[in-house]
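> Output the structure for:
(one chain, ligands or ions: 1)
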Amino acid sequence: MKKIYNIAVVGLGQVGIYLLNELNNKKKSIEIKTGTKINVVAISAKNIKKKRKFKINKRIFYSNPLDILKKHKVDILFEAIGLSDGISKKIVEKALKSKVHVITPNKALISKHGNYLAKLAEKNNVNLEFEASVAGGIPILRSIKEGLATNKISKIYGILNGTSNYILSEMENSNQKFNDVLIKAQKLGYAEPGNPKLDLNGFDAFAKVRILSALAFNSKISQHKCLMEGIEKIELKDIKIANQLDLRIKLLGITELKKNQLFESVHPCLVNKKSYIGNVNGVMNAVILEGKPVGESILQGEGAGPGPTSSSLLSDLLSILRGNIKKPFGIPFAQLKALKSYNINNYTNSLYLRFEVRDRPGVLSQITNRLAKYKISVKRLIQTPDKINKKATIVIITHKTSEINSKKCLSIFKNNKNILKFPTLIRLYN
Ligand code: HSE
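Sure, this is the predicted structure:
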C-alpha cells in the first residue's frame, strides 16, 4: 500500500491559501510523481472568518497551530506565517522536535534562527526545507545544493526583492510616485504580509543574501554587521536622471568571498541599461552565480507572489515525498564554517551623488573642493537649474572610492545652509 503523508498548513495568508489550493488540486499528479499520497489533516490561521480567495475546510481548522501536533500524527508541516520569531519559531521548533518535516518560505526565520533550526532538524533526522525563502519561484537553493554541488562558488549577486524591483520598474514606466506603486505591489501579494517596510529597507533581500551565503560557501548563517540599504530614498528624479545617463537603478543583493572573508550587502545600484541585470524588470528576480568549474550561471524568474512561492513550496514537498532526507544547508551542520567578515569600510565603488542646492556663487566649488580634499575624483557632472526657486540639482558621478572615505567626505553636508538636503548616494555596480 502507498504511504500516506499527513500534512498541516499553518498560516493562511495569500501564500498559505494558494498553497492549500495547489495541494488539493495536485493530489493525483503528486501521487504519480512520488508514489505516495498526501492528506491535509489540519490548517491554521489567526482568524477563521477572514475573507479568503479559496474556501477552507472549517472542520480541520485550528486557531492555535500548537494544538495540531497534539491532536494529529503530522508528517510534514508548512509554516507560512512569516514571522522571524514568536509563533513561527515556536511551531517550527515544536514540529522538528516532534520529528515532523518542515517546509517554509520564511526567510526572516531562517536568516535569524537557521543555524539553530538546522541543527535541530539534523538531530531529529527530518528535513527543514526553505527553497521558497529565496527568489520566489526560482529553484536557486536546490540548484546550489544539487545541480552545482561540487562547484567552488566565489560570488552570487542579483535582484532578490520582487517588490522593490516592481516599484522601480513601475515608477520608470508609468511616472507614478513611490507610494502609489507600493499599493499596487501589495495588492498583487508581492510585499511582505503586514509589513512592506521589510521589502523597502532592504531587510527582505538581506535575509535572502544570508541564506545564499550559507549554501554557497558551506558556512553558518552569518550574524555579522552588513551593508543594508533599501529603495526608500530613491525618488522619481533619480530614476529619470539615471535614464538620461543610460543607467537604471536596481536593488542588488551581493555575497562574495573577498580574501576569504565574507562580504554581504544589499543596496541600490546603478547598472548599465543594456546589461543583463538592467533588463530584469517588474516582479522578476535574477540570481547570477560565479563558480568553478561551471563559470557564470544565471537563473531568472518571478521572485514574489503566491504562485511562484507555492511552486517552490511544492518542490520541497516532492523532494521529501521522494525520500530525499537532506541536511538543511547541504552538508552536516558540524562541518559548516564560521567565516570572518570583510570590513565594509574597504568596499569600493564609483558613486552617483545628487545634491539639491541653493543656486548661489561658490556652492559648486564647495562641493568639488570637499571631494578633492578626500581625493574623490569627478568623472561626470550635470547641473540642472531651477530658476524660479533659485535652486539647482547637481549630479556628480565619481571615480571609485571607499565607503569610509565617502562617508567622511559627505558628513560635512549635513550642516550646510546651501545644501538643502543630505546628498542622495547610489553606488554604481562595478
Ligand atoms: N516580499 C518578497 C519580495 C516576497 O517582494 O520579494 C518573496 O520573498
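> Neighbours of the closest residue to the ligand within the stretch 251-400 of the chain, how many?
Closest to the ligand within the stretch 251-400 of the chain is residue 304: 3.6 Å, counting by Cβ to the nearest ligand atom. Every residue, glycine included, has its C-beta placed from N, CA and C. A count of neighbours around residue 304, defined by other Cβ atoms under 10 Å, yields 29.
> excluding its backbone neighbours, what's nearest it?
residue 162 (2.9 Å; Cβ to Cβ, 6 or more residues apart in numbering).
> buried residues in stretch 326-338?
Across stretch 326-338, burial judged by 16 or more other Cβ atoms under 10 Å covers 326-330, 333, 336.
> got the end-to-end distance for it?
21 Å (Cα to Cα, to the nearest Å).
> averaged over its residues, what pLDDT does that stretch have?
Per-residue pLDDT values across stretch 326-338 average out to 93.
> And stretch 361-379, by the same measure?
On average, stretch 361-379 scores 96.
> Next to the ligand, which bits of the stretch 201-350 of the chain? Give me the list.
204, 303-304 (Cβ under 6 Å from any ligand atom).
> at 8 Å what do you get?
Residues of the stretch 201-350 of the chain lying close to the ligand (Cβ under 8 Å from any ligand atom) are 204-205, 208, 283, 285, 303-305, 309.
> got a winner among these for most neighbours?
That'd be residue 205 among these, by other Cβ under 10 Å, with 34 neighbours.
> List the residues that contact it.
With contact set as Cβ atoms under 8 Å, 6 or more residues apart in numbering, residue 205 has these partners: 160-161, 164, 230, 251, 253, 266.
> so which of the buried residues of stretch 326-338 would you say is closest to residue 51?
residue 328 (35.3 Å; Cβ to Cβ).
> how about that closest one, phi and psi?
Main-chain torsions, residue 328, degrees, to the nearest 10: phi -50, psi -40.
> what's the answer for residue 7, then?
phi -120, psi 140.
> what's the burial count for it?
Neighbours of residue 7 (other Cβ under 10 Å): 23.
> what about the helices in the stretch 251-400 of the chain?
306-321, 363-373 (DSSP state H, counting those that start in this stretch).
> Please identify the deepest-packed of these.
By mean neighbour count, with neighbours taken as mean count of other Cβ atoms under 10 Å, helix 306-321 ranks first of these at a mean of 22.
> Show me what the mean pLDDT comes to for that one.
97.
> got it, and stretch 35-45?
97.
> Any buried residues in that stretch, and which?
36, 38, 40-45.
> Of those, just say which sits nearest to the ligand.
residue 45 (18.8 Å).
> Just the CA trace of stretch 80-95, in PDB.
What follows is stretch 80-95, C-alpha atoms only, in PDB (Å, rounded to 0.1, in the frame of the first residue of the first chain):
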ATOM      1  CA  ALA A  80       3.600  30.200   6.100                       C
ATOM      2  CA  ILE A  81       3.000  32.800   8.900                       C
ATOM      3  CA  GLY A  82       6.300  34.600   8.100                       C
ATOM      4  CA  LEU A  83       7.500  36.000  11.500                       C
ATOM      5  CA  SER A  84      11.200  35.800  12.400                       C
ATOM      6  CA  ASP A  85      10.200  34.800  16.000                       C
ATOM      7  CA  GLY A  86       7.000  34.300  18.000                       C
ATOM      8  CA  ILE A  87       4.600  31.700  16.900                       C
ATOM      9  CA  SER A  88       6.500  31.000  13.600                       C
ATOM     10  CA  LYS A  89       9.600  29.900  15.500                       C
ATOM     11  CA  LYS A  90       7.600  28.100  18.200                       C
ATOM     12  CA  ILE A  91       5.700  25.900  15.700                       C
ATOM     13  CA  VAL A  92       8.700  25.100  13.600                       C
ATOM     14  CA  GLU A  93      10.800  24.200  16.700                       C
ATOM     15  CA  LYS A  94       8.000  22.100  18.100                       C
ATOM     16  CA  ALA A  95       7.500  20.300  14.800                       C
END
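> The chain should start at 585 in everything you say after this.
Done: numbering now begins at 585, and the last item shifts to stretch 664-679.
> Contacts for that stretch, please.
593-597, 599-600, 603, 649-650, 653, 658, 661, 663, 685-686, 688-690, 692-693, 695-697, 701, 704, 712, 776-777, 897.
> lowest-confidence helix or strand of the chain?
helix 762-771 (a mean of 88; mean pLDDT, DSSP states H and E).
> Show me what that helix is packed up against.
helix 746-758 (3 or more Cβ pairs under 8 Å, 6 or more residues apart in numbering; DSSP states H and E).
> Now, the residues of the stretch 785-934 of the chain next to the ligand that are in strands?
Judged by DSSP state E, strands contain the following of these: residue 869.
> So which of the residues of the stretch 785-934 of the chain next to the ligand is the closest to residue 824?
Using Cβ to Cβ, these come closest to residue 824 at residue 867, 22.1 Å.
> sorry, back to before: return the members of the contacts of stretch 664-679 classed as buried.
Of the contacts of stretch 664-679, these count as buried by 16+ other Cβ under 10 Å: 593-597, 599-600, 603, 649, 653, 658, 661, 663, 685-686, 688-690, 692-693, 695-697, 701, 704, 712, 776-777, 897.
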